[in-house]
Each structure stands twice: as C-alpha cells, then as structure tokens.
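Colleague: Prediction below, plus the sequence it came from.
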Amino acid sequence: MSSLIIPAVLSGLMMGAVYALVALGLTLIYGVLHIINFAHGSLLMLALYAAYFLWYHLGIDPYLAIPIVLPVFFALGYALQRGLIAPMSSGSEQNVLLITLAVSMIVDNLALYFWTSNTRTADIAYAYDTVEVLGAFLPLGRVIAFCAALAVAPLLWCFMAYTRTGSAIRAVAIEKRGAELVGIDVNHTYAVCFGIGTACVALAACLLLPTFYITPQVGYTFVLVAFTTVVLGGMGSLPGALIAGLLLGVIESLCGLFLGESLGQIGIFLAFILILLFKPSGLLGRAR
Amino acid sequence: MTYKIDRRDLLKVSGAMVAGLAAPTILRAQTSTIKVGVIEPLTGNLAYNGTQSAAGAKFAAEAINAAGGIKSMGGRKIELVIVDAQSRPESAAAGVDTLVQAGACAFTGATASALGLASSQAAAKYNLAQVFSIGTAETVVSRGLPNVFRFTPGVNKCTSVALENLKLLNQGAGNVVKTAAIVHEDGPFGSNMAKILAEQLPKQGIEVVETISHPTPQRDFSNIALRVKASKADILIPSNYLNEYTLMARALNQQRVELKAIYSILGGAASNIKFVRENNEVAQYVMDCNHWYDPTKDESKALAAKVAEAKLDMTYDIMVSYATIQVIADALERGASDDRQKMIEALAASTFDKSIMPYGATKFVNGDNVNSQPVNTQIRGDKIELVFPKQYASAEAVFPIPAKK
C-alpha cells in the first residue's frame, strides 16, 4: 500500500485542480454578489455540452474551444444576472437562492428533454495519454487542468487587484452604496462578475471534457464538492479556492486509498466540519 | 294490394336483416386492432434504455403486422399503447390504469426492476399480464403474482451462467486465470454480485485477491486502477454502471494495468455499443455476460437492418423488448382471444421457441422463464460479438486477451 501513496497524492492533486477550477467561479460570485449560486452545476453541465458539441459536430478540440465557449458563457452569465436574477430578486438574498435553484431545475430538465440521459464521452486522441511523474502515470488531461488551475487562480486574483473592473467589483462587494456614489454602475458590475464566474465554470468544463463523461446530471457530481471548496478556502477567496480544491483532492484520494473508495468522500466532509468548527471563515477567508 | 308473408319468407327477411345489422360489427371485429401495452421510461434517468425498448416493441409489432397480424383472430393487427414510466415506480404503476382504459390485453416493460415491480403489482388488480423485458431482481418472480411473466433471466441465473461460462473459457485456455479482482459499486446490485462472486470463484480455483467497492458517482478511478495493478490479478470482474465503467476502463488503460480479461456480469457498458464507439481503444476484448439476441437467426438479421435504417444503436433493450412482443403475439395466436384472463392462461402455457433470443422453448415456472439464458459478448473492433455459447456465436472468443505491445 505504501508504494501507492505518492501516486495517490499526485492523482489527488490532479482531481483537486478540477475542484478548484469549478469552485473559482462559485467563490467569485459569492464573494461579490453574495449569491449562493445553485445553478453553478447546471452551468457546468451546459458548458460541457457546448464543448462536446463543438468537438462532435465541428471537430473543435475542447482546449481550442475555450476562446469560443468562454465569451459565450460570459455573455450567458451576464444576461442571467442582468435579465433574470437582478430584476426578479428585488435585492433579497432568499429570492436569489430560489431563482438560481429554479434556473438549475429548468436547465437540467431541458437538457434531459433535448439531450436525454444518455451518457456521452469525447473519444479524443490524447484522452488516454499520460505523463509520468515520480513513477506515477497521470492522465494528460488532468495535468493540463492542474497547470491551468495554477495559472488561472493567480490571474483572476491579479485581475481583481489591479484592473479598473476588478477594483469596481471589489468596491461593490465592500460597499454597494458607496460604489454607486462614486459613479460605478452597480448593476453592470454585478452582471460582469456573474459573467466572469460563469466563464470560469466554462473554462473548467473545457478542461474537464477530455477526461470525464457528460450527462444532464453531471453538474451534481462536482457542485457539492465545489461548495465545500469555497467554504474551506474562505468565501470569496480565489487563492483559498485553489488551495482548498487541491487539499480536498488529496484528502479524498488518501481516504479512498486507506479507508476504501466508498468512505473516501467522508474525508471531504470531515475536513469541511473541522474547518467550520475551528476556522469558520475558511483557510484564507476574512473573519466577518 | 295485400302481401302475404309466410313463415319461410319471414325467416329469410329476418335472417337478412340480422346479417345486415351484424355486418358492420363483424367487419369491425375483423379489422379492429389488438391493444398491447408498453410501459417504459421514456423520460428521466432511464430514458435512453426506455426509448430503445419502446423502439424494439415497435419493430416487433410492425414485423408481426406485416406478416399478416394474429391469424387465429382473423388477421387482426397489433396496436401498441405506449406509456411513459418517467423512470419513477409510481408513474409506472399509474401507467397501468392508462393501459386498462385503452383496452390493452397484456403489456411489456419496464427496463428496471423497480419500475416493473410497481407496474406488475398495479396490473395484478386488473388481471393484466406483464411480460417483463428486463427485470433481473428476483423479487420480480418471488411475489407469486399470476400476471407476471419474466421472459429474460434474473440476476441469479445470469451470475451462475456467467461463472459457468468463465469456467469453460478458462479451462479452454488452460486455466490461465488464477486470481481475480472485483470492482463493484456499493449499492445492492454491485454488493450482492460481489458477495456471490467471492463465494463462487474460489470453487473454480480462482482466488479473489482484491475487492474494491466504490460509490456512484465516483469521480476518479486512478487509485482503484492502481490497487488492481498492485494486486496482480489475472482477471477483473466489474459490477458498476456505464459512467463509472467508462472512467474505470480509461484509468486501467492509463495506469497500464495488464489483465488477462475483463469479465463483466450484466455490465453497464460492456454490452453498450455507445461505450464501444466512444471508448473504442479501452473497450477492446471486454467481455460481458448479459441479455443478447441470437445473431444467426434471419429475424435477428432483419431487426438489425431495421435498427440500422432507423439510425438507432442496437442494444439489448431493443432485442428483449422485440422478443417480449413476440411472446405476447404468440399467446394471442394460441389463445385466439384478447381477453385479459385468457392471455394470462395462454402465456402461462407458452412453449414459444421462435423468439430472436437464444433461448429454448419458453416455459414459465412461477412466472420465470426457466429456459432463458444470458450469453457472453465480447467487444471486437467496433462491434459487440456474441462469443459464447458456441452454437449462437458470431465470433470466436478471445480469452485471454492478447498482451499489449
């Protein structure tokens, strides 16, 4: 069993990067808009189908589809916030919760109706390729996702810290009325933030497609772990989401190895409970 | 002017009038259709299998009608009444009411045991026969309902035949398989199967060196593949569903796990042409013991052509559903009645031996067709070939699989 520890840690890191990628958009949306976006999993599923259909019908590689899928999902997220969530919620967080839940149910059922529950997998030429690291064979697709997560989280952080749009988003997050008073278009900023969060989940989908299957229920497979990642990393913290995602991946993998795969996921929720008990603001979250 | 009508004239006129009045009824009786129900999950999680099954039933009804309908009933045609079970037991049960209102004489369904258990229970109230397409859970036939007829084999028979076939294959290959790893989902299906395998494999001289359970969904199979590799098992016997099977097959390939065979029993993917198409490289030589038709029969070949023409995947759902409509049509033919009770009696006495399945003459004992059997399939190239038993085989079994270069 000891010879399996290093490969297990490495494959845990690879899986954790996927959790981090899915969680980045979620934490961004929560950190600024304080929206617990129940539709996040459904948007991941939609993006997976978009990338899949681009590959299946037009032969566009999922990685090359990123420049197409990302803007489309940014626009979708923007429109969802501006045209549906904002007008319908009337500023109430409970309403937002219910609206995103409703969006999730509608999107999932429409996907089931149009695309059926039929499982699809993209048989891409490099889907079985591996990279050998410390004697462990890591799927190439997961290694790419890992590198992407390491690059995207700091990039997003820099975007938030050093750009005018990022400053506007942070200003709205900290003091909405104050931001309005200095001339920031709050509704537009909210929608931009939701759009970026949705684009993040679209990126995660494009990176996930070569190594995973698609069904209308696939979003649920990741969204619960993504919520745990956000809480563990600290609500709204981008570096926190990255660290928490990687940590959860390793915890899950090692628990699976030593306790059995059926109990592996217990590790994730054990870590979740412990962090709520001893550091409720999360690893890198600010205490409120 | 007066007319005199004597007794003979009166009889003639009365006879003519009766014949005239009755003529439309007789004509209607000859041309009206026989309603046969189909309860399948056309929406929800099981929609793919349910839609395929419904298509299989349609192909069967078309073939029977094209061949002249039910001859003992004046060539009356079969009309299917298709009801959506919505992948929910309560909807499957409610669907029975729809069938009864439509005048169905019997029905087929319902892809999953949970759905079929609910529909047959509801149908028992109406004395309406259900011929199960798929219903592997043994509770399907152990409840003693007189309206239940399971045409295809249950899980116990599938497991025992699969193990027997494995023994024969292994013997034929010089007993190269000595150790096994079992990977199973941790629900009732996988856990029960793993328990039976752990008991039975040592009796065949195969030692179980690793048993790994996993939840559904399982997002990553890297560790499982590594554990199978470390166990140095000769054969892997998986019991899980399509999504997990797909990820597992990929992980085994990526971790370079060398096996002499992957041998599924009622495998979620190994008899699924979509799995073959979308994961062709890792799917090669995977063997399954499952429901499958006899590809050598003319009617099977005709069905395969129809399915291809309709641009559908040829799955066992289509095959078994087709066959159950054949069984119902045979019962109609012999019973010459679409009365519900007479249908139950005709089905109970069925000795039908012309279905597309590789079965002997149908014999229902307590509702279970004792002459049904699963067969072994193997993925070869872009096809699923029947490889065992040999009398139905469309290809020779490759066992053990060739070592990777």
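Modeller: Ah, there it is. Residues are numbered from 1 along each chain as shown, chains lettered A, B, ... in the order given.
Colleague: Secondary structure of residue A:50: a helix, I assume?
Modeller: Yes. Counting by DSSP: H, G, I helix; E, B strand; the rest coil, residue A:50 is found in a helix.
Colleague: With adjacent residues omitted, what lies nearest to it?
Modeller: Leaving out its chain neighbours, the residue that sits closest to residue A:50 by C-beta to C-beta, 6 or more residues apart in numbering or on different chains is residue A:69, at 5.3 Å. The way it works is simple: take the backbone N, C-alpha and C, and place the C-beta from them, glycine included.
Colleague: can you count the residues close to that neighbour?
Modeller: Using other C-beta atoms under 10 Å in any protein chain shown, the number of residues around residue A:69 comes to 23.
Colleague: closest point of the stretch 1-150 of chain A to chain B, which residue?
Modeller: Closest contact between the stretch 1-150 of chain A and chain B, by C-beta to the nearest C-beta, is at residue A:11 (3.8 Å).
Colleague: Quick check: that residue touching residue A:134?
Modeller: No. The criterion here is C-beta atoms under 8 Å, and residue A:11 misses it with residue A:134 at 11.5 Å.
Colleague: okay, those two: which has more neighbours?
Modeller: A side-by-side neighbour count of residue A:11 and residue A:134, using other C-beta under 10 Å, places residue A:11 first with 31 against 9.
Colleague: which neighbours do residue A:11 and residue A:134 share?
Modeller: Counting by C-beta atoms under 8 Å, 6 or more residues apart in numbering or on different chains, residue A:11 and residue A:134 have no common neighbour.
Colleague: Return the residues of chain B in contact with chain A.
Modeller: B:43-48, B:51, B:186, B:212-215, B:217-220, B:222-224, B:226-227, B:230, B:242-243, B:246-247, B:250-251, B:253-256, B:274, B:277-282 (C-beta under 8 Å from any C-beta of the partner chain).
Colleague: thinking again about what came up before, element containing the residue of the stretch 1-150 of chain A closest to chain B?
Modeller: Per DSSP states H and E: residue A:11 is located in helix A:5-33.
Colleague: Sketch out the low-pLDDT regions of the chain for me.
Modeller: You didn't say which chain, so I picked chain A. A:1-2, A:286-288 (pLDDT under 70).
Colleague: was after chain B, sorry
Modeller: Within chain B, the stretches with pLDDT under 70 are B:1-31, B:268, B:405.
Colleague: who's in contact with the residue most central in space within it?
Modeller: When C-alpha atoms, centre = their mean is applied to chain B, the residue found nearest the centroid is residue B:320 (3.4 Å). Residues counted as contacts of residue B:320 (C-beta under 8 Å, 6+ apart) are B:53, B:56, B:133-134, B:151-152, B:291, B:357.
Colleague: same check, this time on residue B:126
Modeller: B:96, B:100, B:340.
Colleague: In space, what's closest to residue 75 - neighbours in sequence excluded?
Modeller: Picked chain A for this. Nearest non-adjacent residue to residue A:75, counting by C-beta to C-beta, 6+ apart: residue A:195, 6.9 Å away.
Colleague: Sorry, I should have been clearer: chain B.
Modeller: residue B:69 (4.4 Å).
Colleague: Same check on residue A:24?
Modeller: In space, residue A:24 is closest to residue A:200, 4.6 Å off (C-beta to C-beta, 6+ apart).
Colleague: Residue A:227 now?
Modeller: Excluding the flanking residues, the one nearest residue A:227 by C-beta to C-beta, 6+ apart is residue A:26, at 6.9 Å.
Colleague: element containing residue B:149?
Modeller: strand B:148-150.
Colleague: Packing partners of that strand?
Modeller: strand B:129-132, helix B:139-142, strand B:368-369 (3 or more C-beta pairs under 8 Å, 6 or more residues apart in numbering or on different chains; DSSP states H and E).
Colleague: Quick one: closest of those to residue A:222.
Modeller: helix B:139-142 (34.7 Å; C-beta to C-beta).
Colleague: Could you list the residues in contact with the closest one?
Modeller: If you take C-beta under 8 Å, 6+ apart as the criterion, helix B:139-142 is touched by B:113, B:116-117, B:120, B:132, B:148, B:150, B:154, B:366-368.
Colleague: Now for these, which sits with the most neighbours around it?
Modeller: For those, neighbours tallied by other C-beta under 10 Å; top is residue B:120, 31 neighbours.
Colleague: Is the nearest residue to that one once chain neighbours are set aside bridged to anything, and to what?
Modeller: Nearest non-adjacent residue to residue B:120, counting by C-beta to C-beta, 6+ apart: residue B:130, 4.5 Å away. Following DSSP bridges, residue B:130 is listed with bridge partners residue B:107, residue B:148.
Colleague: in the stretch 51-200 of chain A, which spans are helices?
Modeller: All helices of the stretch 51-200 of chain A, identified by DSSP state H, counting those that start in this stretch, fall at A:66-80, A:86-89, A:93-115, A:140-162, A:164-174, A:176-181, A:186-208.
Colleague: Out of those helices, indicate the one that is most buried.
Modeller: Compared across the helices of the stretch 51-200 of chain A, helix A:186-208 shows the largest average neighbour count, a mean of 25 (mean count of other C-beta atoms under 10 Å in any protein chain shown).
Colleague: Kindly format the C-alpha coordinates of that helix as PDB.
Modeller: Provided in PDB are the C-alpha atoms of helix A:186-208 (Å, rounded to 0.1, in the frame of the first residue of the first chain):
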ATOM      1  CA  VAL A 186     -23.600  48.600  -9.800                       C
ATOM      2  CA  ASN A 187     -26.000  46.500 -11.900                       C
ATOM      3  CA  HIS A 188     -23.400  46.300 -14.700                       C
ATOM      4  CA  THR A 189     -20.600  45.400 -12.300                       C
ATOM      5  CA  TYR A 190     -22.800  42.700 -10.700                       C
ATOM      6  CA  ALA A 191     -23.600  41.200 -14.100                       C
ATOM      7  CA  VAL A 192     -19.900  41.400 -15.200                       C
ATOM      8  CA  CYS A 193     -18.900  39.500 -12.000                       C
ATOM      9  CA  PHE A 194     -21.600  36.800 -12.600                       C
ATOM     10  CA  GLY A 195     -20.400  36.600 -16.200                       C
ATOM     11  CA  ILE A 196     -16.700  36.100 -15.100                       C
ATOM     12  CA  GLY A 197     -17.900  33.400 -12.700                       C
ATOM     13  CA  THR A 198     -19.800  31.700 -15.400                       C
ATOM     14  CA  ALA A 199     -16.900  32.000 -17.800                       C
ATOM     15  CA  CYS A 200     -14.700  30.300 -15.100                       C
ATOM     16  CA  VAL A 201     -17.000  27.300 -14.900                       C
ATOM     17  CA  ALA A 202     -17.000  27.200 -18.800                       C
ATOM     18  CA  LEU A 203     -13.200  27.000 -18.600                       C
ATOM     19  CA  ALA A 204     -13.400  24.200 -16.100                       C
ATOM     20  CA  ALA A 205     -15.800  22.300 -18.500                       C
ATOM     21  CA  CYS A 206     -13.400  22.600 -21.400                       C
ATOM     22  CA  LEU A 207     -10.600  21.300 -19.300                       C
ATOM     23  CA  LEU A 208     -12.700  18.500 -17.900                       C
END
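Colleague: helices or strands next to that helix in the packing?
Modeller: Judged by 3+ C-beta pairs under 8 Å, 6+ apart, helix A:186-208 is in contact with helix A:5-33, helix A:40-58, helix A:66-80, helix A:86-89, helix A:140-162, helix A:164-174, helix A:176-181.
Colleague: Out of those helices, which is closest to residue A:271?
Modeller: Of all the helices and strands packed on helix A:186-208, helix A:5-33 comes closest under C-beta to C-beta, at 11.7 Å.
Colleague: and the closest one with helix A:93-115, angle?
Modeller: On the basis of axes from the mean of the first three to the mean of the last three C-alpha atoms, to 10 degrees, helix A:5-33 is oriented at 120 degrees to helix A:93-115.
Colleague: just the angle between helix A:5-33 and helix A:164-174, please?
Modeller: 80 degrees.
Colleague: quick one: helix A:5-33 to chain centroid distance?
Modeller: Computed by C-alpha atoms, centre = their mean, to the nearest Å, the chain-centroid distance of helix A:5-33 equals 7 Å.
Colleague: If we go by neighbour counts, what in that helix is buried?
Modeller: Within helix A:5-33, the residues that qualify as buried are A:7-33, counting by 16 or more other C-beta atoms under 10 Å in any protein chain shown.
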